[in-house]
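Chemist: Coordinates for the following, if possible.
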Amino acid sequence: MKKDTRKPNIPVGKTLIVNKYLITSLLSLLALLLLDSAVLALEPDEILIIANGNRSESLAIAQYYCAKRGVPAENILTLRLGTKLNYTISRANYEKQMAEPIRERLLSLGSSGHIKCLLTTYGVPVKVGGRGPLEGQVDKLKQLRGLVEQEKHELEQLKKNGSAKQKGNANRKLALLQSKINSILGKETGASVDSELSMVLFGNYELYRWRPNILKNNLVDFSFNSLMVCRLDGPQILIAKGLVNKAIIAEKTGLTGIAYIDSRGIAEDRKRYSFGYYDQSLRDLAAFTRLRTKLTVREERTEKLFAAGACPRTAIYCGWYSLKKYIDAFDFVDGAIGYHISSWEAVNLRDPNSSQWCPAMLKDGITATLGAVAEPYLHSFPEPKAFFMELYNGRCLVEAYYRTKPFNSWQLVLIGDPLYRPFKKP
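Modeler: The predicted structure is shown next:
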């Protein structure tokens, strides 16, 4: 087949206009790419605060944040979420009591186009339940289960004389079939409320496991529907309110102290999101912290954790892996930021007696942290080096988080003042 060499029949004048608009668009995009991150930084009037109208302390925290950070009072949205301090909200109630009114507010005149961040407060549920089984899928489910049994039989045969490649392919097929079954049954369709709210403007999307976070590595912070979401919460009301105060103090005086990085001595693995990959990221974080900040850096590079009482003046902490067993090693300074890479560390976020890392660190005085409300899988955590480098580059807390976390509609929750900028550029 010959190539069509005919020129499009476009008048010369229109061609010039098209080229003019193209050049203008490219120049505008180039200008945006050259802008400093501070120019595009989150502003107070771009935050919509979500409060539980049935809990006076929830509204009080929202009003307190407005007063401290200059958020317009009309940017508080009160929802009727019940007088009980609920950790979990059902999927149906989430849609009716939260998603619908928030979506309506965002799309109303005056809100659409400038709200970039939602801030949930103490009194707003932390976790949203799963959707339940899909209706009308009995025949499909039966078919898939039959295929699973068939694949299991073939895999048993391959174990006797099959190649490693054949076994790998069979296992992948089996995993894919089981994933389809789990989706129909409604397994792994719950999430943190905040992560789900990031998708509130997306309309209908699949509720099974996670959705990609399109703000990750977004050079110009453009997204027409993804929202950043952060939370002022914790084991006590005063702790939630104190997150704002400590952030402001650190911004005024500068974040000083010691960075404690706890890797495990696992050999570097080039396979992305493997144990070795994350362990190397922690070691890289220590090196970059020495280069990019004035903080003293101390490392633990073995399977051991920092011992109780061993970490005075903690400004930064990142490490793993002590499942739901917080080690009281840290004396956190005002403005301290840190997280522990481990499952289920925010399940009992409001329990002052919990040994999980999120509530325990908040009780001990940390200013910002993150954790999971259910099993998140390792690859859902922000890579330590990437997350803290965003902060070192002058990003605020919520921007650093959304530029480095892989997924929305999933299990992680960020706790702290979204505007907190610990390494603000002069």
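
Chemist: Quick check: mean pLDDT of stretch 120-130?
Modeler: The pLDDT scores in stretch 120-130 average 97.

Chemist: oh sorry, the question was meant for stretch 274-293
Modeler: Stretch 274-293 comes out at a mean pLDDT of 96.

Chemist: quick one: least confident helix or strand in this protein?
Modeler: In the chain, no helix or strand scores lower on mean pLDDT, DSSP states H and E than helix 12-34, which sits at a mean of 41.

Chemist: what's in contact with whichever helix or strand comes after that helix?
Modeler: Downstream of helix 12-34, the next assigned helix or strand under DSSP states H and E is strand 47-52. Outside of strand 47-52, the residues within contact range by Cβ atoms under 8 Å, 6 or more residues apart in numbering are 58-59, 61-62, 65-66, 69, 71, 75-82, 98, 102, 105-106, 111, 115-121, 123-124, 197, 418-419. For glycine as for every other residue, the C-beta is placed from the backbone atoms N, C-alpha and C.

Chemist: one more time with 6 Å, if that's ok
Modeler: The contact list for strand 47-52 (Cβ atoms under 6 Å, 6 or more residues apart in numbering) reads 58-59, 62, 71, 75-78, 81, 115, 117-121, 123-124.

Chemist: partner strands of it, parallel or antiparallel?
Modeler: Strand 47-52 has the following sheet partners, assigned by DSSP bridges: strand 76-79 (parallel), strand 117-121 (parallel).

Chemist: Would you mind listing the residues in contact with residue 213?
Modeler: 405-408.

Chemist: For residue 235, grab the count of nearby residues.
Modeler: Look at residue 235: counted by other Cβ atoms under 10 Å, it has 20 neighbours.

Chemist: nearest residue to it other than its sequence neighbours?
Modeler: Spatial nearest neighbour of residue 235, excluding adjacent residues (Cβ to Cβ, 6 or more residues apart in numbering): residue 352 at 3.9 Å.

Chemist: ok but that neighbour is inside a strand, no?
Modeler: No - counting by DSSP: H, G, I helix; E, B strand; the rest coil, residue 352 is not part of a strand but coil.

Chemist: For the protein, give me the ranges with low pLDDT.
Modeler: Residue ranges of the chain with pLDDT under 70: 1-39, 109-113, 219-224.

Chemist: any chance you could map the helices in it?
Modeler: All helices of the chain, identified by DSSP state H, fall at 12-34, 56-69, 91-93, 100-107, 138-161, 164-185, 193-197, 237-253, 275-292, 357-364, 384-392, 397-402.

Chemist: which residues sit against the shortest one?
Modeler: Under the contact criterion Cβ under 6 Å, 6+ apart, helix 91-93 has outside partners 129, 131.

Chemist: by contact count, what packs against the biggest strand by length in the chain?
Modeler: Scanning the chain for the longest strand, with DSSP state E as the assignment, gives strand 330-340. On a contact count with 3 or more Cβ pairs under 6 Å, 6 or more residues apart in numbering; DSSP states H and E, strand 330-340 meets helix 237-253, strand 311-319, strand 369-372.

Chemist: out of the ones you listed, nearest to residue 94?
Modeler: With respect to residue 94, and counting by Cβ to Cβ, the nearest of these is strand 369-372 at 18.1 Å.

Chemist: Output the closest one as CSV - backbone C-alpha positions only.
Modeler: The C-alpha trace of strand 369-372 is given here as CSV (Å, rounded to 0.1, in the frame of the first residue of the first chain):
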residue,chain,number,x,y,z
THR,A,369,2.7,10.4,60.2
LEU,A,370,0.9,7.9,57.9
GLY,A,371,-0.3,4.4,58.2
ALA,A,372,-2.7,1.7,57.0
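
Chemist: tell me what that strand is packed against?
Modeler: strand 330-340, helix 357-364, strand 412-415.

Chemist: Which one, of the ones you listed, ends up nearest to residue 232?
Modeler: With Cβ to Cβ as the measure, strand 412-415 is the member of the helices and strands packed on strand 369-372 nearest residue 232 (7.5 Å).

Chemist: So what's the residue count around the residue nearest to residue 166 when sequence neighbours are not counted?
Modeler: Closest residue to residue 166 apart from its sequence neighbours, by Cβ to Cβ, 6+ apart: residue 158 at 5.2 Å. Per other Cβ under 10 Å, the neighbour tally for residue 158 reads 17.

Chemist: what sits against residue 158?
Modeler: Counted by Cβ under 6 Å, 6+ apart, residue 158 has contacts 166-167, 170.

Chemist: ok, now with 10 Å
Modeler: 164, 166-171 (Cβ atoms under 10 Å, 6 or more residues apart in numbering).

Chemist: Drop anything exposed from those.
Modeler: Using 16 or more other Cβ atoms under 10 Å as the burial test, the contacts of residue 158 include residue 170 as buried.

Chemist: Do I have it right that residue 256 meets residue 295?
Modeler: Yes - applying Cβ atoms under 10 Å as the test, residue 256 and residue 295 come out as touching, 7.3 Å apart.

Chemist: So which of these two has more stuff around it?
Modeler: residue 295 (18 against 15).

Chemist: So that one versus residue 51, what's the distance?
Modeler: As judged by Cβ to Cβ, to the nearest Å, residue 295 and residue 51 stand 35 Å apart.

Chemist: and if you look at residue 370?
Modeler: Note on residue 370: its distance to residue 51, by Cβ to Cβ, is 21 Å.

Chemist: Not counting its neighbours along the chain, what's nearest residue 272?
Modeler: Spatial nearest neighbour of residue 272, excluding adjacent residues (Cβ to Cβ, 6+ apart): residue 379 at 7.9 Å.

Chemist: Give me the neighbour count for the one you found.
Modeler: Residue 379: 14 surrounding residues under other Cβ under 10 Å.

Chemist: residues in contact with it?
Modeler: 210, 272-274, 277-278, 406-407.

Chemist: Which of those residues has the largest number of neighbours?
Modeler: Using other Cβ under 10 Å as the neighbour criterion, residue 278 leads the contacts of residue 379 with 23 neighbours.

Chemist: which residues sit in contact with residue 120?
Modeler: Residue 120 sits next to 49-52, 58, 62, 98, 126, 192-194, 197, 229-233, 413, 415 when contact means Cβ under 10 Å, 6+ apart.

Chemist: 6 Å instead?
Modeler: By Cβ under 6 Å, 6+ apart, the residues touching residue 120 are 50, 194, 231.

Chemist: my read: the second one touches residue 229, true?
Modeler: Yes - using Cβ atoms under 6 Å, residue 194 is in contact with residue 229, at 4.1 Å.

Chemist: Report the set of residues contacting both of those two.
Modeler: Residues touching both residue 194 and residue 229 by Cβ under 6 Å, 6+ apart: none at all.
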